[in-house]
Each structure stands twice: as C-alpha cells, then as structure tokens.
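**Student:** structure of the sequence below:
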Amino acid sequence: NINISPISQPVFWVSIQENLDYLFSDFTKRLLEKCPDLSETEQQICWLSKLNIQPSGIARILKLSRQAITNARSRIIKKATFKEGRSISFDHFIEKI
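**Tutor:** Residues are numbered from 1 along each chain as shown. Sure, this is the predicted structure:
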C-alpha cells in the first residue's frame, strides 16, 4: 500500500530515487540518457510512474492538477521520441526503461 500524500521534503525524493535506482538497475541514469533535459518535476513523474502510481495519485503527491500531469507526460514522451505521444506511449516508454 503506497501513501500518496504530498511529498515536499527533498530528502524523501532522494530516498525514492535511490531505492528506485536500486530496484530498477539505475533507472534514473537510463532515463536521463534518453531524455537529458527533463525537469525535476518530470523526473519525479517518471519515478512515480515506474512505481505504477496512477496519474491521479501522482497529481496528489506533487500537488498538481490531473491535467498538469497529463500534459507533463505528453511533454516527456515528446522529449524522448521527438513525436507527439499519448499516455499509452508514455506508459510503454517508462516500462521499457
């Protein structure tokens, strides 16, 4: 059961990243090799997505609207593929990393 309360302290994000990178073989490094210009928030969206947290949960954690998460996911897939993408494309992209 994952707590989807807002995360505001940077130390929690460091812990999430370290544990995710341990569980998924340097996920962040591989992500940034494919998309070197991701913002901090975009990286957080990718981390949470890799943990299978739904966009509505990501919105609550990041204190953003559901639409902001949808827009960010589209931006991320566009940065990765240089093409417009849908949420299914984003999900496949994150799954493969």
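**Student:** Trp13 against Thr41, yeah?
**Tutor:** No: with contact taken as CB atoms under 8 Å, Trp13 and Thr41 are classed as non-touching, separated by 10.5 Å. (Each C-beta comes from the backbone N, C-alpha and C, glycine too.)
**Student:** what sits in contact with each of the two?
**Tutor:** The overlap between the contact sets of Trp13 and Thr41 (CB atoms under 8 Å, 6 or more residues apart in numbering) is empty.
**Student:** what does the average pLDDT come to for the host helix or strand of Glu18?
**Tutor:** In this structure, Glu18 sits in helix 10-23 according to DSSP states H and E. Averaged across helix 10-23, the pLDDT comes to 92.
**Student:** I'd like to know which elements it is packed against.
**Tutor:** Packed against helix 10-23, as judged by 3 or more CB pairs under 8 Å, 6 or more residues apart in numbering; DSSP states H and E, are the following elements: helix 27-34, helix 40-50.
**Student:** any idea which helix is longest in this protein?
**Tutor:** helix 66-81 (DSSP state H).
**Student:** buried sites along whichever helix or strand comes after that helix?
**Tutor:** Past helix 66-81, heading to the C-terminal end, the next element that is a helix or strand (DSSP H and E) is helix 87-96. Residues 89-90, 93-94 are the ones in helix 87-96 that count as buried (16 or more other CB atoms under 10 Å).
**Student:** sorry, back to before: how far out from the middle of the chain is the longest helix of the chain?
**Tutor:** Between the centre of helix 66-81 and the centre of its host chain there is 10 Å, according to CA atoms, centre = their mean, to the nearest Å.
**Student:** cool, and stretch 54-66?
**Tutor:** Centroid displacement of stretch 54-66 relative to its chain, using CA atoms, centre = their mean, is 11 Å.
**Student:** buried ones in that stretch?
**Tutor:** Using 16+ other CB under 10 Å as the test for burial, stretch 54-66 gives 55, 57-62, 64.
**Student:** state the pair within these that is farthest apart.
**Tutor:** For these, the maximum inter-member distance is 11.5 Å, found between Gly57 and Leu64 (CB to CB).
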